[in-house]
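Undergrad: Okay, here's the prediction I keep looking at, along with the sequence it came from:
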Number of protein chains: 2
Amino acid sequence: MEILKKRIIDEGIIISDSIIKVDSFLNHKIDPILMEEIASEFCNRFSDKSFNKIVTVESSGIAPAVLTGLKLKIPVIFAKKAKPSTMGSFLSARVHSFTKDKDYNIFISDGLISKGDRVLIIDDFLAHGSATRGLISIVEQCGAKVDGIGIIIEKGFQNGGSILRGLGYRIESLAIIEKISQNEIRFKD
Amino acid sequence: MEILKKRIIDEGIIISDSIIKVDSFLNHKIDPILMEEIASEFCNRFSDKSFNKIVTVESSGIAPAVLTGLKLKIPVIFAKKAKPSTMGSFLSARVHSFTKDKDYNIFISDGLISKGDRVLIIDDFLAHGSATRGLISIVEQCGAKVDGIGIIIEKGFQNGGSILRGLGYRIESLAIIEKISQNEIRFKD
C-alpha cells in the first residue's frame, strides 16, 4: 500500500534497528482518512472471505478495526490489557512484548466470541507475533475460526509473520518492512 | 439520542446504582454502525463550531473519536494511560477513577496539540469528570482551546457535567442517565 509506505518513510521516527515510531498517524495521533483507506484495503484483500466478527487488541488496533467493521457491517471486539473489576468470566492469553521486554495478559469476556464465528484479526504491528498469537489463542479457545489476519505494518525481519504463515494463517500486511537502518526504512518488494 | 438510549436499556448491565456496563456495543464489543450514528450526532450538535483536532483517551473513546474525525476530516489524538518507553517530552494530568478507586496519569506527547488549536474532546462516559478534566488540563497546558466536549453517556446524578458546564465548557451528552436502580435506568428528559 504505497500511500502507507510513504507516510512511514516521511513521518516514521527510527528508534533503533528494530523499532520505528509512527505516532503521527497511527499510534498516538490518528489520521482517520488514512485509517479509512487502510480499512478499504483490508476489505479488498479479503474480498474472498466472509467474516462475521473482527477481533483486535487495545489501543492502536481499534481505529483500523472499527473502520473495517463499519465497511463490512460486523462488530469489533477489542481484547483488554488489564482485567476490569466488572469483567465476569473471561478467556485470556499470555503475551510477551519484546519492545517493552515484559509479559502481560490479554482478556476477552466470555460470550463475545462464539463457536462457528469467522474472525478477522486486525492489528497495527506484527513483529514476533506474540500479541497476534494471543488473539488467535483466545479466538480458538472459543471454538471460532481465524479466517484472516490484517496487519498494518509487518516487521518482515522478525519471525512472527513467517511462523504464522507456516501454521497456515492467511496474513495480509499492508507494509512489510525488510530492514530499518540508521537513515533508511526499506520495504519488501 | 433515542437509538442510543434504547441500546443502553436493552443491553446495559446494571452493576450498582452508579455503574452500568455497556460492553456489548461500546466498551468491549463495539458496534461500528452505532458509532457512526454517534459521530453524526456529534457533528450535528457541534455544527456551529470549527474544530481542527479531536482529543480523547484510550481505549473506549477511540472508536467514536475516529469516526467523528473522519466526518470532520481532522486528526484524533488519544491520551495514553501509561507512558511508552519511546515517548519523549510530554504533557500529563492526574486522573482519579472512582470506578476503580485509584489514581493514574494520562500522557500526550509534546507537539501533538498546538497553541491556537480548537479542540473537541470526545469520551465514552462523563461521571465525576476526572478524566475529562485531565484532558482539558493537557489541552490548555498546550495553549489550545477546548471548544466542545462530546460525551456518549453522562451520569447526570454525578457532578462532573454540572461542574464543567459551570466553568463555561460546552458539553453535548448523547444520553444523560438520571438514575440507575436495581431494575431501571432512567434518563433525563
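TA: Received it, and whenever you're ready, just let me know what you need.

Undergrad: Determine the longest helix present in chain A.
TA: helix A:32-45 (DSSP state H).

Undergrad: Just the buried positions in it, please.
TA: Residues A:32, A:34-39, A:41-43, A:45 are the ones in helix A:32-45 that count as buried (16 or more other CB atoms under 10 Å in any protein chain shown). Bear in mind the C-beta positions are built from the backbone N, C-alpha and C, glycine included.

Undergrad: what's the answer for stretch A:101-110, then?
TA: Under 16+ other CB under 10 Å, the buried positions of stretch A:101-110 are A:106-109.

Undergrad: Tell me the one of those residues nearest A:Lys21?
TA: Distance to A:Lys21, by CB to CB, is smallest for A:Ile106 among the buried residues of stretch A:101-110, at 22.3 Å.

Undergrad: re the thing from before, tell me which of the buried residues of stretch A:101-110 is nearest to A:Cys142?
TA: A:Ile108 (8.1 Å).

Undergrad: which residue packs closest to A:Asn159, ignoring adjacent ones?
TA: Distance criterion CB to CB, 6 or more residues apart in numbering or on different chains; nearest residue to A:Asn159, sequence neighbours excluded, is A:His128 at 6.5 Å.

Undergrad: Just to be sure, that neighbour is in a strand?
TA: No. Assigned with DSSP: H, G, I helix; E, B strand; the rest coil, A:His128 falls outside any strand and is coil.

Undergrad: Pull the contacting residues for it.
TA: The neighbours of A:His128, taking CB atoms under 8 Å, 6 or more residues apart in numbering or on different chains as the test, are A:96, A:98, A:158-160.

Undergrad: Buried ones only from those, please, as a ChimeraX command.
TA: In ChimeraX, a selection of the buried entries from the contacts of A:His128 looks like this (16+ other CB under 10 Å):
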select /A:158,160
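
Undergrad: quick one: least confident of the contacts of A:His128?
TA: In this model, the minimum pLDDT among those belongs to A:Phe98 (85).

Undergrad: and the gap between it and A:Lys155?
TA: 10 Å (CB to CB, to the nearest Å).

Undergrad: residues making contact with the longest helix of chain A?
TA: Residues contacting helix A:32-45 (CB under 8 Å, 6+ apart): A:1, A:3-4, A:7, A:25, A:63-64, A:67-68, A:70-72, A:120, A:122, A:150, A:152, A:172, A:174, B:66-67, B:69-70, B:73-76.

Undergrad: any chance of the buried residues of helix A:32-45 in JSON lines, plus pLDDT?
TA: JSON lines is the format used below for the buried residues of helix A:32-45 (pLDDT from 0 to 100):
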{"residue": "A:Pro32", "pLDDT": "98"}
{"residue": "A:Leu34", "pLDDT": "98"}
{"residue": "A:Met35", "pLDDT": "98"}
{"residue": "A:Glu36", "pLDDT": "98"}
{"residue": "A:Glu37", "pLDDT": "98"}
{"residue": "A:Ile38", "pLDDT": "98"}
{"residue": "A:Ala39", "pLDDT": "98"}
{"residue": "A:Glu41", "pLDDT": "98"}
{"residue": "A:Phe42", "pLDDT": "98"}
{"residue": "A:Cys43", "pLDDT": "98"}
{"residue": "A:Arg45", "pLDDT": "98"}
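
Undergrad: and of these, the nearest to B:Thr132?
TA: Set against B:Thr132, the nearest of these by CB to CB is A:Pro32 (21.4 Å).

Undergrad: can you pull up the bridge partners for the spatially most central residue of chain A?
TA: The residue lying closest to the centre of chain A (CA atoms, centre = their mean) is A:Asp123, at 1.2 Å. Beta-bridge pairing for A:Asp123 (DSSP bridges): A:Ile151.
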